[in-house]
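Undergrad: okay, here's the prediction I keep looking at, along with the sequence it came from:
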Amino acid sequence: MRILNLLKVAYRSLNRNKLRSFLTMLGIIIGVASVIAMLAIGEGSNQNIKASVASLGTNSIMIFPGANFSGGVRQGASTTQTIKLEDVDAIATRCDLVNHVSPVDQKRVQAIFGSQNWGTTILGVRNDYLTIRSLTIAKGSGFTLSDDHAAAKVCVVGVTVVLNLFGDENADPVGQMIRINNIPVKITGVLTKMGQNTFGQDQDDIILAPFSTVQKRMMSSSVYVNSILASGISEDQISDAVDEISSLLREKHKLAPSDDNDFTVRTQSDISNIFGTISKVMTILLASIAGISLLVGGIGIMNIMLVSVTERTREIGIRMAIGAKGRDVLIQFMIESIVISFVGGIIGIALGISISELVAKFASWPVVITLSSILLSFVFSASIGLFFGWYPARKAAALNPIDALRYE
Amino acid sequence: MADSENLITVKDLTKTYRTGDIEVRALSAVSLTINKGEFVAIMGASGSGKSTFMNILGCLDSPTSGEYLMEGVDILGRNKNELAELRNNKLGFIFQSFNILPRTSAQENVELPLLYNNKVAAKERKEKAFNALKSVGLADRINSMPNQLSGGQQQRVAIARALVNDPIIIMADEPTGNLDSRTSYEIMEIFQKLNDKGITIVMVTHEPDIAQFAKSNIVFKDGKIIANNPVKDRINATEELKKIKTLAEEKAST
Ligand SMILES: Nc1ncnc2c1ncn2[C@@H]1O[C@H](COP(=O)(O)OP(=O)(O)OP(=O)(O)O)[C@@H](O)[C@H]1O
Ligand SMILES: [Mg+2]
């Protein structure tokens, strides 16, 4: 009975002060919506980065020449050449924990077909490379072991190369001869389209050729290898695989126990850790922006509540003068604040989700809406709304009715 | 008169305001008895303590020291909730500045005390509020907002609000202070009718002619009561309003 009356009182009060109710709600709406949208965008790019890193192959191991290789980035232009093809063969035959291994030579080249000219990257690899990177052939076929032994002039191309040399992504270039750095090479297959990676790099702008073809015909050295890509037999034993490779290479390179490695071994998880750090920084950044939005929303709520304190204190004075108890006033104000916070919170959640969806749709940005962001923003904004609804009311309700009426 | 007739008894009521180092003694040892059915007008110079006294009588403020009995029951020992109940169902307080809720219809303003009264059922509420508004002559304005009402009409809403819980006493602090004399007389007519029904009325006023509608006049000076006299030639508001009306008609016809 009593609570029903107070519900009625609160409802009339909200209705009577539509603008104030709306502005308070707005603070909550902005806070909640922006946090949800920010964190959805942040979390989306995080997962996107993770996916790109995972596409390197979950168990993959990379071996680079030189010891001065840190943070996944070569320090300066390394001219060190310490890894030989025989190291690759040794890894393939002697490392039990490694199941695939391929040398990788990389070079910028000009590819020409007819009058079309296109600058791209050629990778000299063995078939294992495709397995490790989970690459597949969409048209035609890949190259064989005998192609490698013969340094055959064959290659597999990405769709961007097809587009630029043949004028159409969907053209069928299998069997066509193109010239790579003036060497005629036959296209045996086209790679399945991969699209851009997280950093906007076009992963389809590539030519793959047998390792020995590239090494013997296009590289200056026919002994050394740019890098090695390998994969471990299982994710759990990846660090054992790294140890196995390291000791094998130390033995082959005849390093004394006091010498540093003249090569660097990185696993896919090392690299994903590096990107993990990047995405953590990004999340912190977005979380700070979200925090600021919450704060701005919170200050908005607080301002509206505090500005209306004078009017509300008088109102409380009137109510107490005609017989409202302190408790009645507090319950009324709590009901008002709860309604505002919850309605505002729900609108904020809906708006936040819509903004995220719009970003996903129109900016083609991956978004992931997390429950924790919804809860965090909702609880925070609602608490501010409740506190600033309740606190001035509590202060006013503690006054003598006459002091509340006289309040300025 | 018998003791049971005593509605309000105050003894040595003192109120001291302290602002910083300055002490203002607004009331010094005021003693007074008001009987049931009285109609008291409180007069006195500005700053003499009338409002302070009324606020204490109306349980809106508490004195620094003294005694206050209503119907023989001690008031000052009661807690806030009991005082709120008292204000709700025994007292009706009317302010000079109306103090009705803005942006709230006359009907809803008058319903307000009923919403804080557990004994009134929801279905009675509308009717009670309407009857109170009707008794102050606002039956046709129940849905009007305060900003659509004249000062006199707003004060009548405030009176209806004070009446709606059937109080035993009405306290009014300069109820006609913001109104012209004709409207003031209309308010006095309402007061006299309520008083005739047995409701005790205590009212502060600055205007001697308004005080003439009461049954007795009390004069305050420097926080003390210096006079308490029955009114000799009491004016009847209904007759007075008739006179004014005929006078105006005569004027219009000439
Ligand atoms: N809240 C307060 N704080 C400090 N002093 C006050 C307060 N209220 C009233 N006073 C002082 O108490 C004295 C009595 O004030 P009160 O309002 O009772 O006078 P009043 O007789 O109603 O005057 P008026 O006819 O002008 O309304 C005055 O000197 C006033 O300054
Ligand atoms: Mg006064």
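TA: Arrived safely. Ligands and ions are numbered 1, 2, ... in the order given.
Undergrad: is it correct that B:V10 is in contact with B:M54?
TA: No: the pair B:V10 and B:M54 fails to qualify as a contact (Cβ atoms under 8 Å) at a distance of 11.6 Å. In short, each C-beta sits where N, CA and C put it, glycine included.
Undergrad: which bits of chain B sit near ligand 1?
TA: Neighbours of ligand 1 within chain B, by Cβ under 6 Å from any ligand atom: B:17, B:19, B:24, B:26, B:44, B:46-52.
Undergrad: which parts of chain B are helices?
TA: With helices called from DSSP state H, chain B shows them at B:50-57, B:80-89, B:106-115, B:122-135, B:151-163, B:181-196, B:208-211, B:237-253.
Undergrad: for A:M194, which of those is the nearest?
TA: helix B:106-115 (68.2 Å; Cβ to Cβ).
Undergrad: who are the packing partners of the closest one?
TA: helix A:2-16, helix B:122-135, helix B:151-163 (3 or more Cβ pairs under 8 Å, 6 or more residues apart in numbering or on different chains; DSSP states H and E).
Undergrad: got the CA coordinates for that helix in CSV?
TA: Coordinates of the C-alpha atoms in helix B:106-115 are reproduced here as CSV (Å, rounded to 0.1, in the frame of the first residue of the first chain):
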residue,chain,number,x,y,z
ALA,B,106,-4.2,21.1,-8.4
GLN,B,107,-5.8,17.7,-8.0
GLU,B,108,-2.4,16.0,-7.6
ASN,B,109,-1.1,18.6,-5.3
VAL,B,110,-4.1,18.1,-3.0
GLU,B,111,-3.8,14.3,-3.2
LEU,B,112,-0.2,14.5,-1.9
PRO,B,113,-1.0,14.4,1.8
LEU,B,114,-3.3,11.4,1.2
LEU,B,115,-0.5,9.5,-0.5
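Undergrad: near chain B, which residues of the stretch 301-408 of chain A?
TA: Proximity of the stretch 301-408 of chain A to chain B, by Cβ under 8 Å from any Cβ of the partner chain, involves residues A:314-315, A:317-328, A:400-403, A:405.
Undergrad: so which of those sit within helices?
TA: Per DSSP H, the subset of those in helices is A:314-315, A:317-321, A:326-328, A:401-403, A:405.
Undergrad: now, among those residues, which is nearest to B:T33?
TA: A:I402 (23.6 Å).
Undergrad: quick check: that closest one touching A:R314?
TA: No: counting by Cβ under 8 Å, A:R314 is not a contact partner of A:I402; they are 11.4 Å apart.
Undergrad: and those two? which has more neighbours close in?
TA: Taking other Cβ atoms under 10 Å in any protein chain shown, A:I402 and A:R314 do not tie; A:I402 has more neighbours (22 against 19).
Undergrad: and that one, what does it touch?
TA: With contact set as Cβ atoms under 8 Å, 6 or more residues apart in numbering or on different chains, A:I402 has these partners: A:317, A:321, B:55, B:60-61.
Undergrad: any quick ChimeraX command for the buried ones out of the residues of the stretch 301-408 of chain A next to chain B?
TA: Provided next is the ChimeraX selection string for whichever of those are buried by 16 or more other Cβ atoms under 10 Å in any protein chain shown:
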select /A:314,315,317,318,319,320,321,322,323,324,325,326,328,400,401,402,405
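Undergrad: and the pLDDT at the closest residue to B:A45 other than its chain neighbours?
TA: Nearest residue to B:A45 in three dimensions, chain neighbours excluded: B:K221, at 6.7 Å (Cβ to Cβ, 6 or more residues apart in numbering or on different chains). The model reports B:K221 with a pLDDT of 96.
Undergrad: circling back: pick the one among the residues of chain B next to ligand 1 closest to B:K119.
TA: Closest to B:K119, out of all of the residues of chain B next to ligand 1 and judged by Cβ to Cβ, is B:S51, at 30.8 Å.
Undergrad: for the ones in helices among the residues of the stretch 301-408 of chain A next to chain B, give me CSV that also has pLDDT and distance to ligand 1.
TA: What follows is these, written out as CSV (pLDDT from 0 to 100; distance: Cβ to the nearest ligand atom, whole Å):
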residue, pLDDT, distance to ligand 1
A:R314, 92, 15
A:E315, 92, 19
A:G317, 94, 13
A:I318, 95, 18
A:R319, 95, 20
A:M320, 95, 16
A:A321, 96, 16
A:G326, 92, 20
A:R327, 92, 26
A:D328, 93, 25
A:P401, 93, 13
A:I402, 93, 8
A:D403, 92, 7
A:L405, 92, 11
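Undergrad: what's the closest of these to A:T131?
TA: Out of these, the member with the shortest distance to A:T131 (by Cβ to Cβ) is A:R327, at 73.7 Å.
Undergrad: which residues touch that closest one?
TA: Taking Cβ under 8 Å, 6+ apart as the definition, contacts of A:R327 comprise A:397, B:81.
Undergrad: how much space separates it from A:S13?
TA: Distance, A:R327 to A:S13, using Cβ to Cβ, to the nearest Å: 16 Å.
Undergrad: ditto for A:I335
TA: A:I335 is 9 Å from A:S13, where distance means Cβ to Cβ.
Undergrad: what parts of the stretch 1-150 of chain A come near chain B?
TA: So far as Cβ under 8 Å from any Cβ goes, the stretch 1-150 of chain A lies against chain B at A:1-2, A:4-6, A:8-9, A:12, A:16-17.
Undergrad: pLDDT check: weakest of the residues of chain B next to ligand 1?
TA: B:T19 (88).
Undergrad: partners of that one in the sheet?
TA: When bridges are called by DSSP bridges, B:T19 pairs up with B:I22.
Undergrad: quick check, A:V88 in contact with A:P103.
TA: Yes: A:V88 lies in contact with A:P103 (Cβ under 8 Å); the separation is 4.7 Å.
Undergrad: quick check: the residue of the stretch 1-150 of chain B nearest chain A.
TA: B:N88 (2.4 Å; Cβ to the nearest Cβ).
Undergrad: does that residue touch B:N118 like I think?
TA: No: B:N88 lies out of contact with B:N118 (Cβ under 8 Å); the separation is 9.5 Å.
Undergrad: looking at those two, which one has more neighbours?
TA: The neighbour comparison of B:N88 against B:N118 (other Cβ under 10 Å) goes to B:N88, with 24 against 13.
Undergrad: not counting sequence-adjacent ones, nearest residue to the more buried one?
TA: A:G323 (2.4 Å).
Undergrad: ok, A:R108 next?
TA: Distances taken as Cβ to Cβ, 6+ apart put A:T121 closest to A:R108, at 5.8 Å, once the chain neighbours are dropped.
Undergrad: kindly report the same for B:V120.
TA: According to Cβ to Cβ, 6+ apart, the nearest residue to B:V120 is B:L114 (4.6 Å).
Undergrad: just checking, that neighbour touches B:K128?
TA: Yes: if you go by Cβ under 8 Å, B:L114 and B:K128 touch, sitting 6.1 Å apart.
Undergrad: which one's the longest helix in chain A?
TA: Assigned via DSSP H, chain A shows its longest helix as helix A:268-307.
Undergrad: buried ones in that helix?
TA: Applying 16+ other Cβ under 10 Å to helix A:268-307 flags A:268-272, A:274-275, A:279, A:282-283, A:286-287, A:289-291, A:293-294, A:297-298, A:300-302, A:304-305 as buried.
Undergrad: now do stretch B:134-152
TA: Neighbour-count burial for stretch B:134-152 [16+ other Cβ under 10 Å]: B:135-136, B:138, B:141-142, B:144-146, B:149, B:152.
Undergrad: quick check: the two most widely separated of those?
TA: Among these, B:S135 and B:M145 lie farthest apart (Cβ to Cβ), at 20.8 Å.
Undergrad: just to revisit the earlier point, ok, now which ones touch the residue of the stretch 1-150 of chain B closest to chain A?
TA: For B:N88, the contact set (Cβ under 8 Å, 6+ apart) comprises A:322-324, B:113, B:116-117, B:165.
Undergrad: name the nearest of these relative to ligand 1.
TA: Closest approach to ligand 1 among those (Cβ to the nearest ligand atom): A:I322, at 20.7 Å.
Undergrad: list the contacts for residue 192?
TA: Looking at chain A here, since you left the chain open. A:135-138.
Undergrad: think we crossed wires, I meant chain B
TA: By Cβ under 8 Å, 6+ apart, B:Q192 lies in contact with B:39, B:213, B:236-238.
Undergrad: that's all I had, so thanks and see you.
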